[in-house]
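Novice: This is the structure alone, sequence omitted:
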């Protein structure tokens, strides 16, 4: 089964979007293993944090007008047709005007050996026909109003200072400077048929900056493209929806912070989950949940090196900090929220924040997430060291001791409850711990206790969380609310057969809006539909043998997504079809991978005990 991601043509006026903000789905994403940039259809880089994904933004027009940005666009009205190169995160845009056409190629450059020691955003302009004039606008952000950018002229070129960040523009001789100020420059580039020009941002933080030449940077665009294609070509997937799976894998790779092996949940902060104030979060951190799910998706696709890096990072920081909900990308504890009230927010929707208050919570789901990743890793022939094995055994004991306690749940709610999905995750952790002990990966002396506790969890869930009235597992005991995440119980192996089938039916009936699902009861009035939930439902239906229903739901889901370059955000408004929430969102993209693999009959089980 094929489902193509087409090249998308847009007619654009010189004025840009009416309110100054592009829809979230209109952004393409670029990355280099350390930072991620978002590029609008009009050639404007509206989001880039330097040097890391979780650094303050260098370009912040995504959240503020005028904000910082780096734009290359032709004079006058034009049509832009954008698409990623095949199996690559290098973006090409065909620009057409009444005067001619040109191709713009954008790349956050790297090398075959990995990321560069500096940020290098390369932008190549190639004339295809006629003669075209491009305007280059480069405006520095203020890091959410915390710094004042300034310019320094040196014999070796102009330096832009943005707090601790040092930036420089490398460009072809054909670029003509029109205006230069502390915060911004404006320049002009003219290209004719078969001529080309390059302009690139190079930047670093608190260290000297090497300045490569134009030809060297231009050559690294092709090196970066080849590196992306080499990585994608090593993926092991030839089932249905192959193009979506590979594009989602490439998007997930953008979120892998190569310096440590951590996986960011998303590349942005403060993009709203609803079109009014209140539900804006910073997702530029590594949740155990998201890291585990992404690692599992990479295992399905044969990207073992990334899984090993993610697991090693996870185990190291579990040992140092204990089982936290999330960590910073370098392993540090995530600070509580800081609000920036002077920043207007995307489309004027506040707050704009850094940090995340959920870092103080406890979620039982982390137990299942950690053990699922470890069990899958060893089931593929890989090995654990003794320190990791001991840490996992201690963690299983901790899970066995604490599963009866309330927690914040998968949705990080402020009210602790006995969430059904949290109990299922504890069962999952102890089940995988028992399986790993039976195969010699963990010491066997504590396994009998783990086995007894996992059986008690099953009995407790069936007794306390099942509702005969609703014919469904409830969100938590004592409520009539439903939770879409319970669909994950099926791939976790907690099938419960008829009860689970009935639960899935109830979830779709109450929480569904077309092919989309809200997270739990009552969210229809609070936020958009959570895109990963639809994929979890597809996977659950497929694994329960309802393949025709699963295929129909997945096809409807993909067809209802906005037609863009293939980048997926956290949520969608089912009525308008507009994306909501942070982007690219790891859970959404890995949901695509898991759903397609389930439809292909590729069930990811750690062990087969039958």
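Specialist: That came in fine, so what should we check first? Just so it is clear, the structure is predicted and the values come from calculations on it, not from any experiment.
Novice: and residue 230, helix, strand or coil?
Specialist: Residue 230 carries the three-state label helix when classified by DSSP: H, G, I helix; E, B strand; the rest coil.
Novice: In contact with it, which residues?
Specialist: Contact analysis of residue 230 by C-beta atoms under 8 Å, 6 or more residues apart in numbering lists residue 112. C-betas here are computed from N, CA, C, even on glycine.
Novice: Tell me how far it lies from residue 470.
Specialist: When distances are taken as C-beta to C-beta, to the nearest Å, residue 230 and residue 470 turn out to be 51 Å apart.
Novice: Check residue 320 too.
Specialist: Residue 320 sits 43 Å away from residue 470 when distances are taken as C-beta to C-beta.
Novice: Could you check which of those two has the larger neighbour count?
Specialist: A direct count of neighbours by other C-beta atoms under 10 Å for residue 320 and residue 470 places residue 470 higher, at 16 against 11.
Novice: wait, that one sits on residue 480?
Specialist: Yes: between residue 470 and residue 480 there is a contact under C-beta atoms under 8 Å: 6.3 Å.
Novice: Quick one: neighbours of residue 535, just the number.
Specialist: Residues near residue 535, counting by other C-beta under 10 Å, number 29.
Novice: meant to ask about residue 487
Specialist: 27.
Novice: pretty sure it contacts residue 532?
Specialist: No: using C-beta under 8 Å, residue 487 makes no contact with residue 532, being 9.9 Å away.
Novice: Give me the three-state assignment for the nearest residue to residue 137 once chain neighbours are set aside.
Specialist: Closest residue to residue 137 apart from its sequence neighbours, by C-beta to C-beta, 6 or more residues apart in numbering: residue 71 at 4.4 Å. Here residue 71 is strand, with the state taken from three-state DSSP.
Novice: Please tell me how far residue 71 sits from residue 123.
Specialist: Using C-beta to C-beta, one gets 10 Å for the distance from residue 71 to residue 123.
Novice: low-scoring stretches of the stretch 1-150 of the chain, by residue?
Specialist: Under the criterion of pLDDT under 70, the regions of the stretch 1-150 of the chain flagged as low confidence span 1-4, 6, 8, 18.
Novice: just the strands in the stretch 201-350 of the chain please.
Specialist: Taking DSSP state E, counting those that start in this stretch as the criterion, the stretch 201-350 of the chain carries its strands at 256-257, 262-263, 286-287, 326-327, 338-339.
Novice: now, of those strands, which is deepest in the fold?
Specialist: strand 286-287 (a mean of 31; mean count of other C-beta atoms under 10 Å).
Novice: from the middle of its chain, how far away would that one be?
Specialist: Centre-to-centre, strand 286-287 and its host chain are 11 Å apart (C-alpha atoms, centre = their mean, to the nearest Å).
Novice: same question, stretch 244-257
Specialist: Worked out by C-alpha atoms, centre = their mean, stretch 244-257 lies 8 Å from the chain centre.
Novice: What of stretch 256-274?
Specialist: How far stretch 256-274 lies from its chain's middle: 6 Å, per C-alpha atoms, centre = their mean.
Novice: Equivalent analysis for stretch 211-230, please.
Specialist: Centre to centre, stretch against its chain (C-alpha atoms, centre = their mean), the figure for stretch 211-230 is 24 Å.
Novice: In this protein, where is pLDDT below threshold?
Specialist: Scanning the chain for pLDDT under 70 picks out 1-4, 6, 8, 18, 602-610.
Novice: Check it for its longest strand and report it.
Specialist: Assignment by DSSP state E gives strand 119-139 as the longest strand of the chain.
Novice: Pairing partners for it, with directions?
Specialist: Here strand 119-139 is paired, per DSSP bridges, with strand 69-74 (antiparallel), strand 100-108 (antiparallel), strand 184-192 (antiparallel), strand 196-205 (antiparallel).
Novice: mind listing the strands in the stretch 451-600 of the chain by residue range?
Specialist: Listed in chain order, the strands of the stretch 451-600 of the chain (DSSP E, counting those that start in this stretch) span residues 466-467, 472-473, 512-513, 516-517, 529-530, 571-572, 579-580.
Novice: hey, which of these is tucked in deepest?
Specialist: strand 571-572 (a mean of 30).
Novice: For residue 44, see how far away residue 141 is.
Specialist: The span separating residue 141 from residue 44 equals 13 Å under the rule C-beta to C-beta.
Novice: what does residue 26 give?
Specialist: Computed with C-beta to C-beta, the distance linking residue 26 and residue 44 is 11 Å.
Novice: got any residues that touch both of these two?
Specialist: Between them, residue 26 and residue 44 share no neighbouring residue, with contact defined by C-beta under 8 Å, 6+ apart.
Novice: tell me the helices in the stretch 301-450 of the chain, going along the chain?
Specialist: 304-321, 365-379, 386-402, 420-438, 447-464 (DSSP state H, counting those that start in this stretch).
Novice: distance between the shortest one and the chain's centre?
Specialist: So that's helix 365-379. Per C-alpha atoms, centre = their mean, the centroid offset for helix 365-379 relative to its chain is 20 Å.
Novice: May I see the buried residues of it?
Specialist: Applying a neighbour-count criterion of 16 or more other C-beta atoms under 10 Å, one finds 365-379 buried in helix 365-379.
Novice: relative to helix 420-438, how tilted is that helix?
Specialist: Following axes from the mean of the first three to the mean of the last three C-alpha atoms, to 10 degrees, one obtains 30 degrees for the angle between helix 365-379 and helix 420-438.
Novice: Who are the packing partners of helix 365-379?
Specialist: If contacts are counted by 3 or more C-beta pairs under 8 Å, 6 or more residues apart in numbering; DSSP states H and E, helix 365-379 sits against helix 288-301, helix 304-321, helix 386-402, helix 420-438.
Novice: how distant is the third one from the center of its chain?
Specialist: Using C-alpha atoms, centre = their mean, the mean C-alpha position of helix 386-402 is found 29 Å from that of the whole chain.
Novice: before we move on, what about the shortest one?
Specialist: The gap between where helix 288-301 is centred and where its chain is centred comes out at 12 Å by C-alpha atoms, centre = their mean.
Novice: What of the longest one?
Specialist: For helix 420-438, the separation from the chain centroid amounts to 26 Å (computed by C-alpha atoms, centre = their mean).
Novice: repeat for stretch 42-62
Specialist: Using C-alpha atoms, centre = their mean, the distance between the centre of stretch 42-62 and that of its chain works out at 15 Å.
Novice: try stretch 139-152
Specialist: Computed by C-alpha atoms, centre = their mean, the chain-centroid distance of stretch 139-152 equals 27 Å.
Novice: buried set for that stretch?
Specialist: Along stretch 139-152, these residues count as buried under the neighbour rule (16+ other C-beta under 10 Å): 139-144, 147, 149.
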